[in-house]
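In: sequence-free structure coming up:
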């Protein structure tokens, strides 16, 4: 697992809470998406983005996401989530968040997300800003 985690420069840990489990005593699907969301914000902070998103202008908006559930986690455990950019396009970048079970030392889920630069003042998408491209390169290249 350590070798796999080395692919990710932005890492976060989240304790599995008793209330995260569903009737089957597995972490509910939506919790994985919340962990990916929190890790995505940590990645934006590593990019130097203002994550308060109060200033308007161009900021990230989630275009789509998916999640492949591989191994069920349960309480007690700790999720270790690695975030990285796996592809840059003209008008978006694709992130990957890999969620690992610390107790079982294995991958539990993997999520991919499309992040689109969105002009919140003009209410339209923009080209990928050069400062985002440079920030991503500093983290992942």
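Out: Cool, got the structure. Model, not experiment: these values are computed from the prediction. Residues are numbered from 1 along each chain as shown.
In: quick one: average pLDDT of the lengthiest helix in the chain?
Out: As assigned by DSSP state H, the longest helix anywhere in the chain is helix 29-46. For helix 29-46, mean pLDDT is 97.
In: ok now it, how far from the chain's centre?
Out: Remark: helix 29-46 is offset 4 Å from the chain centroid, using C-alpha atoms, centre = their mean, to the nearest Å.
In: which residues touch the residue lying closest to residue 47 once chain neighbours are set aside?
Out: Nearest residue to residue 47 in three dimensions, chain neighbours excluded: residue 135, at 3.8 Å (C-beta to C-beta, 6 or more residues apart in numbering). Where you see a C-beta, it was placed from the backbone N, CA and C, and this is true even at glycine. Residue 135 is in contact with 46-49, counting by C-beta atoms under 8 Å, 6 or more residues apart in numbering.
In: residue boundaries of the strands in this structure?
Out: Along the chain, the stretches classed as strands by DSSP state E are 10-15, 58-69, 78-88, 93-101, 106-119, 124-125.
In: can you pull the buried residues of the second one?
Out: Residues of strand 58-69 classed as buried by neighbour count (16 or more other C-beta atoms under 10 Å): 58-60, 65, 67.
In: now swap in the third one and tell me
Out: Along strand 78-88, these residues count as buried under the neighbour rule (16+ other C-beta under 10 Å): 79-85.
In: Closest to residue 123 out of those?
Out: Of all the buried residues of strand 78-88, residue 85 has the smallest distance to residue 123: 25.2 Å, by C-beta to C-beta.
In: By neighbours, which of the contacts of residue 135 wins?
Out: Using other C-beta atoms under 10 Å as the neighbour criterion, residue 47 leads those with 18 neighbours.
In: Now do the end-to-end distance for stretch 14-28.
Out: Using C-alpha to C-alpha, to the nearest Å, the end-to-end distance of stretch 14-28 comes out at 14 Å.
In: Same check on stretch 46-63?
Out: With C-alpha to C-alpha, one end of stretch 46-63 sits 20 Å from the other.
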